[in-house]
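Student: quick check, what structure comes out for this input:
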Amino acid sequence: MYPDSLQELIQVFKYLPGIGEKTAERFAFAILELDIEKTQLFSESIENVKKKIHRCKRCNNLAEEELCTICSSSNRNFKTLCIVEDVKSVFLFEKLGTYHGLYHVLNGLISPLEGINPEDIGISQLLDRLNKEKFEELIFAFRPSIEGETTALYIKQVLNGLNIRITKLASGVPIGADMEYIDALTLERALDDRKEVT
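Tutor: Numbering: from 1, shown residues only. Okay, here's the model as predicted:
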(Lines give C-alpha, C1' and ligand atoms only; values in the text may rest on other atoms or scores of the structure.)
Protein backbone atom coordinates (compact mmCIF):
# COMPACT_ATOMS: atom_id res chain seq x y z
CA MET A 1 0.00 0.00 0.00
CA TYR A 2 2.77 2.46 0.95
CA PRO A 3 6.02 3.07 -0.95
CA ASP A 4 8.75 0.73 0.29
CA SER A 5 10.79 3.36 2.16
CA LEU A 6 7.70 4.65 3.98
CA GLN A 7 6.59 1.11 4.86
CA GLU A 8 10.10 0.43 6.20
CA LEU A 9 9.93 3.55 8.40
CA ILE A 10 6.54 2.46 9.76
CA GLN A 11 7.98 -0.96 10.60
CA VAL A 12 10.97 0.65 12.36
CA PHE A 13 8.71 2.81 14.56
CA LYS A 14 6.88 -0.36 15.62
CA TYR A 15 10.11 -1.54 17.29
CA LEU A 16 9.43 1.04 20.01
CA PRO A 17 7.43 -0.16 23.04
CA GLY A 18 3.73 0.65 22.98
CA ILE A 19 3.75 1.69 19.31
CA GLY A 20 1.18 -0.06 17.15
CA GLU A 21 0.39 0.21 13.44
CA LYS A 22 -1.68 3.43 13.62
CA THR A 23 0.80 5.34 15.80
CA ALA A 24 3.71 4.14 13.63
CA GLU A 25 1.90 5.45 10.55
CA ARG A 26 1.30 8.83 12.23
CA PHE A 27 4.98 9.08 13.20
CA ALA A 28 6.11 8.15 9.67
CA PHE A 29 3.85 10.79 8.09
CA ALA A 30 5.07 13.35 10.65
CA ILE A 31 8.64 12.63 9.56
CA LEU A 32 7.62 13.25 5.94
CA GLU A 33 6.34 16.69 6.97
CA LEU A 34 9.62 17.71 8.64
CA ASP A 35 12.19 19.68 6.68
CA ILE A 36 15.49 17.95 5.83
CA GLU A 37 17.46 19.68 8.64
CA LYS A 38 15.09 18.38 11.30
CA THR A 39 15.12 14.85 9.89
CA GLN A 40 18.94 14.93 9.89
CA LEU A 41 18.91 16.13 13.50
CA PHE A 42 16.50 13.30 14.35
CA SER A 43 18.76 10.75 12.68
CA GLU A 44 21.95 12.16 14.26
CA SER A 45 20.37 12.20 17.73
CA ILE A 46 19.53 8.50 17.51
CA GLU A 47 23.04 7.71 16.25
CA ASN A 48 24.66 9.82 19.01
CA VAL A 49 22.70 8.08 21.74
CA LYS A 50 23.82 4.68 20.46
CA LYS A 51 27.46 5.77 20.07
CA LYS A 52 27.95 7.94 23.17
CA ILE A 53 25.79 6.49 25.94
CA HIS A 54 27.27 3.68 28.05
CA ARG A 55 27.13 2.54 31.67
CA CYS A 56 28.93 4.48 34.42
CA LYS A 57 31.96 2.48 35.67
CA ARG A 58 31.03 3.10 39.31
CA CYS A 59 27.24 2.97 39.59
CA ASN A 60 26.00 1.45 36.29
CA ASN A 61 23.90 4.55 35.48
CA LEU A 62 23.83 6.04 31.97
CA ALA A 63 26.83 8.23 31.14
CA GLU A 64 28.74 9.83 28.29
CA GLU A 65 32.02 10.04 30.23
CA GLU A 66 33.68 7.32 32.33
CA LEU A 67 31.53 8.40 35.31
CA CYS A 68 27.97 9.69 35.20
CA THR A 69 27.14 13.24 36.27
CA ILE A 70 25.97 12.02 39.70
CA CYS A 71 29.14 10.06 40.51
CA SER A 72 31.36 12.89 39.27
CA SER A 73 29.52 15.57 41.30
CA SER A 74 31.13 16.86 44.50
CA ASN A 75 27.74 18.05 45.82
CA ARG A 76 26.36 14.62 46.71
CA ASN A 77 26.08 12.86 50.06
CA PHE A 78 28.75 10.16 49.73
CA LYS A 79 27.53 8.29 52.83
CA THR A 80 24.17 7.20 51.41
CA LEU A 81 23.65 4.74 48.56
CA CYS A 82 20.26 4.18 46.95
CA ILE A 83 20.10 0.81 45.15
CA VAL A 84 17.64 0.72 42.24
CA GLU A 85 16.63 -1.93 39.72
CA ASP A 86 17.07 0.14 36.53
CA VAL A 87 18.30 3.49 35.21
CA LYS A 88 14.78 4.87 34.84
CA SER A 89 14.46 4.80 38.63
CA VAL A 90 17.49 7.09 38.98
CA PHE A 91 15.85 9.71 36.79
CA LEU A 92 12.56 9.42 38.71
CA PHE A 93 14.35 10.17 42.00
CA GLU A 94 16.43 12.95 40.47
CA LYS A 95 13.31 14.70 39.14
CA LEU A 96 11.98 14.81 42.71
CA GLY A 97 15.09 16.74 43.76
CA THR A 98 14.90 15.58 47.39
CA TYR A 99 17.51 12.80 47.43
CA HIS A 100 21.15 13.90 47.28
CA GLY A 101 23.06 10.68 47.88
CA LEU A 102 24.59 8.28 45.37
CA TYR A 103 22.99 5.45 43.41
CA HIS A 104 23.81 1.95 42.32
CA VAL A 105 21.84 0.50 39.40
CA LEU A 106 21.24 -3.24 39.22
CA ASN A 107 20.34 -5.01 35.98
CA GLY A 108 16.84 -5.87 37.16
CA LEU A 109 15.61 -7.96 40.09
CA ILE A 110 16.13 -11.56 41.18
CA SER A 111 13.37 -13.78 39.82
CA PRO A 112 13.96 -17.54 40.14
CA LEU A 113 10.74 -18.27 38.23
CA GLU A 114 12.13 -16.42 35.21
CA GLY A 115 15.62 -17.86 35.69
CA ILE A 116 17.11 -14.53 36.83
CA ASN A 117 19.71 -15.16 39.55
CA PRO A 118 21.90 -12.78 41.64
CA GLU A 119 24.80 -13.11 39.17
CA ASP A 120 22.48 -11.98 36.33
CA ILE A 121 21.68 -8.61 37.90
CA GLY A 122 25.19 -7.47 38.86
CA ILE A 123 25.21 -8.13 42.61
CA SER A 124 28.98 -8.79 42.48
CA GLN A 125 29.60 -5.27 41.09
CA LEU A 126 27.57 -3.84 43.98
CA LEU A 127 29.52 -5.88 46.55
CA ASP A 128 32.85 -4.76 45.04
CA ARG A 129 31.70 -1.17 45.38
CA LEU A 130 30.59 -1.63 48.98
CA ASN A 131 34.03 -3.03 49.83
CA LYS A 132 35.77 0.03 48.31
CA GLU A 133 33.49 2.84 49.44
CA LYS A 134 32.30 3.41 53.00
CA PHE A 135 28.56 4.03 53.16
CA GLU A 136 26.57 4.60 56.34
CA GLU A 137 23.18 3.77 54.80
CA LEU A 138 21.87 1.65 51.96
CA ILE A 139 18.38 2.35 50.65
CA PHE A 140 16.59 -0.42 48.76
CA ALA A 141 14.38 1.35 46.22
CA PHE A 142 12.80 -1.60 44.42
CA ARG A 143 9.23 -1.92 43.23
CA PRO A 144 6.99 -3.54 45.83
CA SER A 145 6.81 -7.07 44.42
CA ILE A 146 7.96 -10.61 45.18
CA GLU A 147 11.05 -9.96 43.02
CA GLY A 148 11.79 -6.70 44.85
CA GLU A 149 11.46 -8.42 48.24
CA THR A 150 13.61 -11.36 47.12
CA THR A 151 16.36 -9.03 45.87
CA ALA A 152 16.30 -6.94 49.07
CA LEU A 153 16.43 -10.03 51.30
CA TYR A 154 19.28 -11.54 49.29
CA ILE A 155 21.42 -8.39 49.44
CA LYS A 156 20.67 -7.95 53.16
CA GLN A 157 21.72 -11.55 53.81
CA VAL A 158 24.97 -11.15 51.84
CA LEU A 159 25.78 -7.98 53.81
CA ASN A 160 25.03 -9.60 57.18
CA GLY A 161 27.65 -8.56 59.70
CA LEU A 162 28.57 -5.28 58.02
CA ASN A 163 28.10 -2.21 60.17
CA ILE A 164 25.74 -0.42 57.80
CA ARG A 165 22.17 0.83 58.14
CA ILE A 166 19.83 -0.79 55.62
CA THR A 167 16.47 0.81 54.84
CA LYS A 168 13.80 0.44 52.18
CA LEU A 169 11.19 2.73 50.71
CA ALA A 170 7.98 3.02 52.69
CA SER A 171 4.97 1.54 50.99
CA GLY A 172 1.26 1.52 51.54
CA VAL A 173 -1.94 3.30 50.59
CA PRO A 174 -1.26 6.24 48.25
CA ILE A 175 -2.71 9.64 49.17
CA GLY A 176 -6.09 10.20 47.56
CA ALA A 177 -6.59 6.52 46.71
CA ASP A 178 -10.03 4.94 46.83
CA MET A 179 -9.75 1.98 49.25
CA GLU A 180 -11.82 -0.38 47.07
CA TYR A 181 -9.29 -0.14 44.22
CA ILE A 182 -6.19 -0.92 46.29
CA ASP A 183 -4.70 -4.36 45.68
CA ALA A 184 -4.34 -6.84 48.56
CA LEU A 185 -0.52 -6.71 48.68
CA THR A 186 -0.48 -2.92 49.01
CA LEU A 187 -3.18 -3.02 51.69
CA GLU A 188 -1.35 -5.74 53.62
CA ARG A 189 1.89 -3.73 53.41
CA ALA A 190 0.13 -0.58 54.60
CA LEU A 191 -1.30 -2.44 57.58
CA ASP A 192 2.08 -3.99 58.46
CA ASP A 193 3.91 -0.65 58.12
CA ARG A 194 1.32 1.37 60.05
CA LYS A 195 2.61 4.37 62.00
CA GLU A 196 1.57 6.04 65.23
CA VAL A 197 -0.80 8.98 64.85
CA THR A 198 0.87 12.06 66.30
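Student: mind listing the strands for the protein?
Tutor: 54-55, 62-63, 77-84, 101-105, 137-141, 165-168 (DSSP state E).
Student: how close does the residue nearest in space to the middle of the chain sit to Ser73?
Tutor: When CA atoms, centre = their mean is applied to the chain, the residue found nearest the centroid is Asp86 (2.7 Å). Applying CB to CB, to the nearest Å, the value for Asp86 to Ser73 is 21 Å. Yep, even glycine has a C-beta here, placed from its N, CA and C like the rest.
Student: for the chain, which element, helix or strand, carries the lowest mean pLDDT?
Tutor: Counting by mean pLDDT, DSSP states H and E, the chain has its least confident helix or strand at helix 184-192, which shows a mean of 77.
Student: ok, and for it, which residues are buried?
Tutor: Residues 186, 189-190 are the ones in helix 184-192 that count as buried (16 or more other CB atoms under 10 Å).
Student: before we move on, what about stretch 11-21?
Tutor: Phe13.
Student: start and end of that stretch, how far apart?
Tutor: 8 Å (CA to CA, to the nearest Å).
Student: pLDDT of that stretch, averaged?
Tutor: Per-region confidence: stretch 11-21 scores 96 on mean pLDDT.
Student: and what of stretch 87-101?
Tutor: The average pLDDT for stretch 87-101 rounds to 93.
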